[in-house]
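S.K.: kindly generate the corresponding structure for this input.
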Amino acid sequence: MKDKSAENFSAALEACRRGEVIVFPTETFYGLGADALNENAVARIVSLKGRNPDSPIAVIVADREMLSQIVSEVPPAAQKLIDRFWPGPLTLVLPAKEGLAALLLNREGKIGVRVSSHPVAARLSRELGHPLTATSANPSGKEPARTIQQARTYFAEHIEVFLDGGTLTGGTGSTVAEVIKGKLRIIRAGEISSQELEKAIRSSRPA
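M.R.: This next block holds a predicted model:
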């Protein structure tokens, strides 16, 4: 008997390699996944969501080695947050290297990135060998999809590959934060509280 889940994963991986968009589970919600280094695929996600192009799309990387391929600098305080909260629902906004799709970047040329604690999301990025887009699988203004059925309701006419991860329990999505000159800035509140993040940064400072 064939392993259906393995077949589905292979189909998702091949779709990403072809520049297509898939739906996949993360530790918070279902996401719209594509090769983040494929500019056309990123543009397709913006179109599918009906998203304002000025709202940058965050990405998932497999590990810190992949992070170094797209990020030019990791401030010391941000490194402490990485050490404490990755893999997990913390998206850090960091200075991006040149050459990335403009739709991934904010006005300061920074990119939101995390290492996912969901095994499927982490494996997709690792085996793709590139960062994976991590925006939630819903049209802008709609509820993020917590089940594959909900994601299909939104995108069945436009996306062929859906990876089922069961019912996801994300409440608010990943926390999006930036560290500027050692100080924390919360861009979007999420699963990890600002108090937890502040505590991790403070613990790194000499008494």
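S.K.: what's the closest non-adjacent residue to His158?
M.R.: Spatial nearest neighbour of His158, excluding adjacent residues (Cβ to Cβ, 6 or more residues apart in numbering): Leu48 at 5.9 Å. Every C-beta, even on glycine, is put in place using the N, C-alpha and C of the backbone.
S.K.: correction: Val93
M.R.: Nearest to Val93 is Glu178, by Cβ to Cβ, 6+ apart, at 4.1 Å.
S.K.: next one: phi and psi at that neighbour?
M.R.: phi -140, psi 150 (degrees, to the nearest 10).
S.K.: and it, how many neighbours does it have?
M.R.: Neighbours of Glu178 under the rule other Cβ atoms under 10 Å: 19.
S.K.: contacting residues for it?
M.R.: 92-94, 110, 184-185, 187 (Cβ atoms under 8 Å, 6 or more residues apart in numbering).
S.K.: go again with 10 Å.
M.R.: 75, 78, 91-94, 106, 108, 110, 112, 184-187 (Cβ atoms under 10 Å, 6 or more residues apart in numbering).
S.K.: for the residue nearest to His158, give its distance to Ala137.
M.R.: Leu48 sits at a distance of 9 Å from Ala137 (criterion: Cβ to Cβ, to the nearest Å).
S.K.: of these two, which one has the most company?
M.R.: Ala137 (30 against 20).
S.K.: that one - nearest residue in space that isn't next to it in sequence?
M.R.: Tyr30 (4.1 Å).
S.K.: for Thr175, same thing?
M.R.: Nearest to Thr175 is Gly190, by Cβ to Cβ, 6+ apart, at 3.5 Å.
S.K.: shouldn't the one you found be in contact with Thr91?
M.R.: Yes - because the distance of 7.9 Å satisfies Cβ atoms under 10 Å, Gly190 is recorded as touching Thr91.
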